[in-house]
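Student: Got a sequence here, can you model it:
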Amino acid sequence: MFFAQYYLDCLSQASYLVADETTGRAVVVDPRRDVDEYLADAEAHGFTVEAVINTHFHADFLAGHLELAARTGAWIGYGRRAETEYPIRKLADGERISLGDVTLQIMETPGHTPESISVLVHERAEDTVPYGVLTGDALFIGDVGRPDLLASAGVSADELGRMLYDSVQRRLMSLPDEVRVYPAHGAGTSCGKNLSTERQSTIGAQRATNYACAPMSEQEFVAIVTAGQAAAPGYFGYDATLNRQDRPLFDAAQAARPLTTDEFRALRTAGALVLDARPPHEFAAGHLRGAVNVPADGRFAEQAGAVLTPDADLLVVAPDGRAEEVVTRLARIGFDRTAGHLHDPETTLAELADDLTPAGRVTVDQLRTALATEQPPLVLDVRTCAERAEGAVPGSAHLALNELPHRLDELPAGRPLVVHCAGGHRSSVAASLLRHHGFADVSDLLGGYAAWQAAHRPTT
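Tutor: A predicted model of the protein is given here:
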C-alpha cells in the first residue's frame, strides 16, 4: 500500500493519496485546489487516480475535486446526504471501495456537517483491524470538529452536536486502539478550538487524551464542544457553498497576470483593491493609500479571507518572486478575482511615489505616554478570546480579527486607535483595514502584547 499525507501549514489542512501498489489504482481524499503535487506523485509511482473523495463540504478551503476529476477522469465521492451541482457518487455507510488488495470503507460520521464521512483504510481486504481512518473534520488530534458553523444555514449547533456525539463516542471510539487517526486539519484552523500540532495519532491515544472522547452524556458532550468557539473567518460560508457548486477550474498558469504601472494604475482607479502582501515593516515604510496589508508569511489565505470579500477585484503587491504563490494561496480559498500583480514592485512603487504613505507604529513606551494624556487613544486588541483571557492592556477594547470587518461601526471614528495582537502581524492587517475604511488616525503596537508584557507594564 502507498499512503501519503500532504500538509498545508498556512491552512493547517491535510489531504491524502492512497493507492494499491500492485494494481496502481489510487484515490485522493480532501484535495486542495492546486492539484499538481498529487498528480506528480501519482505519475512518479505509476498510479492512476480513479476517485476523489471529500469527507464533507469544506468551509475553510476550496477543495480540488473538480480540478482532479477534469485532469484524470476520476469520479467524485461524498457521503449520501450530499447534494451538489456536479455529478457525484453518493457513498453509503459501510460501502467498500476496492483498489486491489487495498480497500477503503465508508463510515458515516455526521456532526461537523450532516454529510460528513470518515474513510477506513484497509491495507489488505481481509484485515479485520484497519490500518487507519481518515476522519475529516469529525475527529481531530485533541479535539473534534465544531458543530456550530451551519447555524446561518438553519442547522442548529445542538442538532449537529448530537450527531457528532454519536459519531465520535459510539462510532469512532468503537474502533480498536491501534487504528491510526489521520484528520483533515491540525492546530491553527478555525474548524475546532483545541487541535494538536501532531498530524496523526491513534484511536487509543485519543480515547485517553482527547477531552471530547472521554465518557460523558450526550448533553455534556454538546455543551463542551460548542463552548468557547472563536468566530470563524468571513469566507467560511462562501467556501462551503462554492464547494457544492460547479465552478470554474483553477489554472495557475493563467491566474497570475503581471501588470505594467499604467495597467495597475488604471485598474486601481477603476476601484480594484490593493492587497499588499509584503512584511509589516516594509508596508509601514511606504504603501499605496488604501491598501490592505496581509503579509504572505503566516496564515495568509485565512487572514485575507477574514478581512476581504470574494467579490473584490484585487491588485497584488507581493514580496519579490512570490506573486504566483500569493495568487495561488488566494485561489485555495476561492478568491479568484485577482486582476493582476505588480511585475516589478520596487520600480512601480517608486513610480507611484506621490501616492505612497507610511503606516503609524508606536512602541510600548510611546503608547504608555499617550495613554497618560487627557485624550488617550483607544487600544484595540485583535487577538482571540482565548489569548485575551491570559492578559490584556488595561482599558483596551477587544474585537478579534475575524470579527473586525463586521463590527467597524462599534469603533469611534474620530478617536486615535492603537491596534495590537500578540506579536505585531495581525495588528498590521487590522490597522490597514481600518485605514482602508476611513479611520484616519490608526497605529499598530510594535511587538504586540508580547512587547507590552516584556516591558512589565500592568496587565489585567
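Student: from here on, contacts and neighbour counts on C-alpha atoms
Tutor: Noted.
Student: Render the CA-only coordinates of stretch 155-175 in CSV, please.
Tutor: The C-alpha coordinates for stretch 155-175 follow below in CSV (Å, rounded to 0.1, in the frame of the first residue of the first chain):
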residue,chain,number,x,y,z
VAL,A,155,-28.9,23.7,11.1
SER,A,156,-28.5,24.2,14.8
ALA,A,157,-25.3,23.5,16.8
ASP,A,158,-27.4,21.4,19.2
GLU,A,159,-28.7,19.2,16.4
LEU,A,160,-25.3,18.7,14.9
GLY,A,161,-23.7,18.3,18.3
ARG,A,162,-26.0,15.3,19.0
MET,A,163,-25.0,13.8,15.6
LEU,A,164,-21.3,14.4,16.5
TYR,A,165,-21.7,12.7,19.9
ASP,A,166,-22.9,9.5,18.2
SER,A,167,-20.1,9.7,15.5
VAL,A,168,-17.3,10.2,18.0
GLN,A,169,-18.4,8.5,21.2
ARG,A,170,-20.1,5.5,19.6
ARG,A,171,-18.7,5.0,16.1
LEU,A,172,-15.1,6.2,16.0
MET,A,173,-14.4,5.2,19.6
SER,A,174,-15.6,1.7,18.8
LEU,A,175,-12.6,1.2,16.6
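Student: residues in contact with that stretch?
Tutor: 108-114, 138-139, 147-151, 203, 207, 213, 215, 218, 221-222, 225-226 (CA atoms under 8 Å, 6 or more residues apart in numbering).
Student: For Leu445, the count of nearby residues, please.
Tutor: 28 (other CA atoms under 10 Å).
Student: Check the contact between it and His425; I expect there is one.
Tutor: No. Counting by CA atoms under 8 Å, His425 is not a contact partner of Leu445; they are 9.9 Å apart.
Student: got the CA positions of stretch 64-76 in CSV?
Tutor: The C-alpha coordinates for stretch 64-76 follow below in CSV (Å, rounded to 0.1, in the frame of the first residue of the first chain):
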residue,chain,number,x,y,z
GLY,A,64,-9.7,20.4,-5.7
HIS,A,65,-12.2,17.7,-6.6
LEU,A,66,-13.3,19.4,-9.9
GLU,A,67,-9.7,20.0,-10.9
LEU,A,68,-8.6,16.4,-10.3
ALA,A,69,-11.7,15.0,-12.0
ALA,A,70,-11.1,17.2,-15.1
ARG,A,71,-7.4,16.1,-15.3
THR,A,72,-7.9,12.4,-14.5
GLY,A,73,-11.5,11.4,-15.3
ALA,A,74,-11.9,10.3,-11.7
TRP,A,75,-15.3,10.1,-10.1
ILE,A,76,-16.1,12.3,-7.1
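Student: Which positions within that stretch qualify as buried?
Tutor: By 16 or more other CA atoms under 10 Å, the buried positions in stretch 64-76 come out as Gly64, His65, Leu66, Glu67, Leu68, Ala69, Ala74, Trp75, Ile76.
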